[in-house]
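1. Just a sequence and a predicted model for now, questions to come.
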Amino acid sequence: MTSSLNPVFNHAAAALAASAILLSGNASAQDNVVKVGLTEYTTHSRTNGVTGIGVPAGADATTGNATTIILVYERMVTPNIGVELVLGIPPRVRADAAGTVAFLGSDILSAKNLGPTLLFNYHFGQSGDTLRPYLGAGINYTRFIGVTSRLAPDVQMSSSTGWAAQAGLDYALSKEWSVFASVAALRVKSNVVAAGTTVLQTSIDFRPIVYTFGTAYRF
Amino acid sequence: MKHTKAWGLSLLTSVLLAACGGGDPTIPGSGSPAGAPNTKGTFSAVVSFGDSLSDVGAYAPATSLAGNGLAPYFGGKFTTNSATSTVWVENLATTLGVVVTPAEVGFAGSSVKCPAAVAGLGSTCTGYGQGGSRVTDPNGIGHATGALTVPVVTQIDNHLNRFTSFTASDLIFVYAGSNDVFTQFDAFTTAAAQIQADAAAGKLNPDQANAALFVAQTAAQAQMKLAAQTLAGYVRDKILAKGGKYVAVMTLSDIADTPFGSSLPASVKPVLTDLSRIFNLWLRDSLTGQPVQLIDTYTLFKEAYANPAKYGIVNNTVPACDAAKINAITGGNVTDGSSLFCNSTVGAPYNGLRTGADVTTWQFADGVHPTTGGHKIISDAFAAQLKSFGWI
């Protein structure tokens, strides 16, 4: 999966990983956390309209939501600061025709979004607290794979690199186990070029809000 | 130093982009042809492939005054015919000091190839355009009623059969696809009429009707895409690969900008317009990086249509030829006012011009074809393009 990351992300990830390793010298025991969560990926997309020869003014598309499973690895670099990498099973997001071309119906474009996210988290409270809220900020890289459209045989979606932010809450069940819930906002934009008999273009700003709950294990 | 380097790099990048036609490779049609000559040519022939707009008299026998297919003819070109009336191909040839005559002349099953050869002018028979011709389909518009409609693919093959190859002294024009637009537009309007009837009868709800119209429009567009890609293939494989150097390929104009176009309901005009635009998109895409020059008639004609006064035009909405007069002159055989049968000679009994019309200040001879003045606007615009290419 890492090999699919773009250079910008690779550099950023390398820099963050390096700082994580440098800082980790001070970390206490139980500074690794793995989480499994169920995620609802909700989009609040806006496009700049769909343009192309033969496309009526006011043509648009809306994107749907998706559910997937995410895996998170967080490395605590101090008792309060952690660096986490979020990977998910790429969910398939579908788009429906909207505006003046709503008659074209649903599922006119679908793609799986492969979107690793790297976040710096600040955990409030202290190690051992039952409830620990946290805030995080970082970057998301999203690449669209398996892009298909019944309107055009050749569809391309550009990859996206953008900010990510989250707020979460850990509830400790034991020293090792906890459950968590989080909400994250990402900036994911993609330029779409769909070539069939005509060439359709649009830019989709997905504006996703990602709701996750799951289980964490510290070691 | 740093700046120089950056400039050098960006210059290199732009050269590389220009060399491969530029554009965004993910967006079809965003590139351009590249590598055509940029030096003045020494032209001994104008070789023109196309349809009625480029027709230099293929169907003259249909306008025989004696009615026996023999000269003299009262029509023969798709314009306001007269002894001095010329079409754009002839105008450009005259500018270059060369002569172009029809590669084939005939009607209703009989035809003569290179009729100028009997006068020792065999090398001038390089005007291949024929009214009704399509890109590939030999069954062009009017074929069923006697028009030759030799398709462009065969027009090019005929040239290769006669001359073996093209040369650097040929100025080559490829201007075809409008009859494919008409054919696909007909197919669309036929389908649309059925869809509307079904919707009116309650067999389709509005969304279903819209979806069906979309399918019909997409099918017509797909045929235009195919026509453009096929035509570009002929340009590559039959012209460039056979020695053609100075090759100008025309995009299609917006046929909605004609008296025929303005007679259409507003709802279907965009369909007609988009058939040309789709053709142009894929023509450009298929010729990206090829050593030809595109002459974008879509832009050129739209500008002229929107600014008639600038070009000395006072009327671009009414055909200069009178369908009723042509009907009478042809004994009721031609009812659609086709300019092929339109003569503008003052005082001639076979003059088919509308009373008050002028062949230089009115743009259109019939629903779609230019008057003599309209053709001059075209040849002036094309000559300016050829100058900008550095060819003339």
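-> Good, I have the coordinates. Residues are numbered from 1 along each chain as shown, chains lettered A, B, ... in the order given.

2. Just the CA coordinates for stretch A:88-102, please, in PDB.
-> Extracted as PDB, the C-alpha positions of stretch A:88-102 are listed here (Å, rounded to 0.1, in the frame of the first residue of the first chain):
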ATOM      1  CA  GLY A  88      -8.900   1.100   5.800                       C
ATOM      2  CA  ILE A  89     -10.400  -1.500   3.600                       C
ATOM      3  CA  PRO A  90     -11.100   0.700   0.600                       C
ATOM      4  CA  PRO A  91     -14.900   1.400   0.600                       C
ATOM      5  CA  ARG A  92     -16.700   1.800  -2.700                       C
ATOM      6  CA  VAL A  93     -18.300   5.300  -3.000                       C
ATOM      7  CA  ARG A  94     -21.000   5.700  -5.600                       C
ATOM      8  CA  ALA A  95     -22.200   8.900  -7.300                       C
ATOM      9  CA  ASP A  96     -25.800   9.600  -8.500                       C
ATOM     10  CA  ALA A  97     -26.800  11.900 -11.300                       C
ATOM     11  CA  ALA A  98     -28.300  15.200 -10.000                       C
ATOM     12  CA  GLY A  99     -29.500  18.500 -11.200                       C
ATOM     13  CA  THR A 100     -30.700  18.700 -14.700                       C
ATOM     14  CA  VAL A 101     -29.500  15.200 -15.500                       C
ATOM     15  CA  ALA A 102     -31.100  13.500 -12.500                       C
END
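
3. And residue A:189, its phi and psi?
-> phi -130, psi 140 (degrees, to the nearest 10).

4. doesn't residue B:350 make contact with residue B:65?
-> Yes. Proximity of residue B:65 to residue B:350 meets the contact threshold set by C-beta atoms under 8 Å, at 6.9 Å. The way it works is simple: take the backbone N, C-alpha and C, and place the C-beta from them, glycine included.

5. ok, which stretches of chain A are helices?
-> A:7-23 (DSSP state H).

6. Helix or strand with the lowest mean pLDDT in it?
-> helix A:7-23 (a mean of 44; mean pLDDT, DSSP states H and E).

7. Spatially, what comes nearest to the residue in chain A sticking out farthest from the centre if we skip its sequence neighbours?
-> Largest separation from the mean C-alpha position in chain A: residue A:54, at 34.0 Å (C-alpha atoms, centre = their mean). Of all residues beyond its chain neighbours, the one nearest residue A:54 is residue B:274 (4.3 Å), with distances taken as C-beta to C-beta, 6 or more residues apart in numbering or on different chains.

8. go on, residue B:71?
-> residue B:64 (7.1 Å).

9. what's the spacing between the one you found and residue B:114?
-> 19 Å (C-beta to C-beta, to the nearest Å).

10. Centre of the chain to stretch B:319-332, how far?
-> 24 Å (C-alpha atoms, centre = their mean, to the nearest Å).

11. Kindly check the end-to-end length of that stretch for me.
-> 19 Å (C-alpha to C-alpha, to the nearest Å).

12. residues from chain A in reach of chain B?
-> Within chain A, the residues that sit near chain B (C-beta under 8 Å from any C-beta of the partner chain) are A:53-54, A:56, A:101-105, A:156, A:193, A:195-199, A:201.

13. Could you pull up the mean pLDDT of stretch B:373-389?
-> Mean pLDDT, stretch B:373-389: 98.

14. Now do it: everything it contacts.
-> B:36-38, B:53, B:79, B:86-89, B:91-92, B:95, B:171, B:248, B:293, B:295, B:297, B:300-301, B:304, B:311-313, B:358-365, B:370, B:392 (C-beta atoms under 8 Å, 6 or more residues apart in numbering or on different chains).

15. so of these, which ones are in helices?
-> Among the contacts of stretch B:373-389, the members falling in helices (DSSP H) are B:88-89, B:91-92, B:95, B:297, B:300-301, B:304.

16. Turn the residues you listed into CSV, columns for distance to chain A and pLDDT.
-> Listed next are those as CSV, based on distance: C-beta to the nearest C-beta, whole Å; pLDDT from 0 to 100:
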residue, distance to chain A, pLDDT
B:88, 26, 98
B:89, 29, 98
B:91, 31, 98
B:92, 30, 98
B:95, 34, 96
B:297, 16, 98
B:300, 18, 97
B:301, 17, 98
B:304, 22, 97
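
17. Could you work out the end-to-end span of stretch B:196-216 for me?
-> 12 Å.

18. coming back round to it: now for the residue nearest to residue A:54: which residues touch it?
-> Per C-beta under 8 Å, 6+ apart, neighbours of residue B:274: A:53-54, A:198, B:217, B:221.

19. Among those residues, which one lies nearest to residue B:182?
-> residue B:221 (14.4 Å; C-beta to C-beta).

20. The helix or strand where the closest one lies and chain A, any residue contact?
-> Assigned by DSSP states H and E, residue B:221 belongs to helix B:206-234. Yes. Interface with chain A: helix B:206-234 contributes B:206-208, B:210-211, B:214, B:217-218, B:221-222, B:224-225 (C-beta under 8 Å from any C-beta).

21. Just the buried subset of those residues, please.
-> B:210-211, B:214, B:217-218, B:221, B:224-225 (16 or more other C-beta atoms under 10 Å in any protein chain shown).

22. Run a quick neighbour tally on the closest residue in space to residue A:105 that isn't next to it in sequence.
-> Distance criterion C-beta to C-beta, 6+ apart; nearest residue to residue A:105, sequence neighbours excluded, is residue A:97 at 6.0 Å. Residues within reach of residue A:97, counting by other C-beta atoms under 10 Å in any protein chain shown, total 21.

23. which residues touch residue A:97?
-> A:59-61, A:103-106, A:108.

24. Farthest-apart pair in those, please.
-> A:59 and A:106 (15.0 Å).

25. So for those two, which residue has more residues nearby?
-> Comparing residue A:59 with residue A:106 by other C-beta under 10 Å, the one with more neighbours is residue A:59, at 21 against 12.

26. wait, that one sits on residue A:49?
-> Yes. Applying C-beta under 8 Å, one finds residue A:59 in contact with residue A:49, separated by 6.6 Å.

27. shared neighbours, the two?
-> residue A:99.

28. Kindly indicate which of the contacts of residue B:274 lies nearest residue A:213.
-> For the contacts of residue B:274, the nearest to residue A:213 is residue A:198 (43.6 Å; C-beta to C-beta).

29. For that closest one, which residues are in contact?
-> A:52-55, B:221, B:274, B:278, B:281.

30. Residue B:255 too?
-> Neighbours of residue B:255 in contact, by C-beta under 8 Å, 6+ apart: B:178, B:181-182, B:185, B:261, B:272-273, B:276, B:368.

31. what's around residue A:38, how many residues?
-> There are 13 residues near residue A:38, going by other C-beta under 10 Å.
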